[in-house]
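Student: Sequence below, structure please.
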Amino acid sequence: MIDDVITELTAIVGVRAACAAVGRPRASHYRRHRASPAPLRPPPPEPRPQARALTLAKRQQVLVLLHEERFVDLSPGEVHAILLDEGRYLRSESTMYRLLRTGTGPRGFRVGRSVRYWRTEVALWLEEQSRSPRDEL
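Tutor: This is a model prediction of the structure:
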């Protein structure tokens, strides 16, 4: 109905004044009466790997360190503090937590507030990691 009114008024006052008279934006009018198909949106870009992401070898280095005998009962925050006291900086505390959270290490279980690991699980995981190709993720 509004299109009919705009069409009638366009012959007399033009599209700009006709659209203003009925309260429709000109862009909406032109979009609705477009002769060509709607423009295609470009496809979303392919996800690229983060340039600063840790390599698989570096991830394994952190995980092996976190599963060492002396660190088994400690949180990543405590491990990070001990390593800093020894003069070693491997990765940030949040990176250690993130690597443990992603499930890339051996399966653990909770005892109270700490996470524990079966030695056999750690040994199997280390053996599996040594057999897998050392590709970067």
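
Student: Please identify which helix or strand holds residue 127.
Tutor: Using DSSP states H and E, residue 127 falls within helix 119-131.

Student: which parts of that helix are buried?
Tutor: By 16 or more other CB atoms under 10 Å, the buried positions in helix 119-131 come out as 121-122, 125-126, 129. In this view, the C-beta of every residue, glycine as well, is placed from N, C-alpha and C.

Student: again with stretch 4-14
Tutor: Within stretch 4-14, the residues scored as buried using 16+ other CB under 10 Å are 6, 9.

Student: any idea how this structure splits into domains?
Tutor: 2-32, 56-131 (automatic domain parsing).

Student: mind checking which of the ones you listed is nearest residue 44?
Tutor: Each of these has some distance to residue 44 by CB to CB; the shortest is domain 2-32, at 23.6 Å.

Student: Report the rounded mean pLDDT for the closest one.
Tutor: Domain 2-32 comes out with an average pLDDT of 89.

Student: does the closest residue to residue 92 other than its chain neighbours count as helix, strand or coil?
Tutor: Nearest non-adjacent residue to residue 92, counting by CB to CB, 6 or more residues apart in numbering: residue 80, 7.5 Å away. Counting by DSSP: H, G, I helix; E, B strand; the rest coil, the backbone at residue 80 sits in helix.

Student: Tell me who's in contact with residue 80.
Tutor: Neighbouring residues of residue 80 by CB atoms under 8 Å, 6 or more residues apart in numbering: 92-93, 96.
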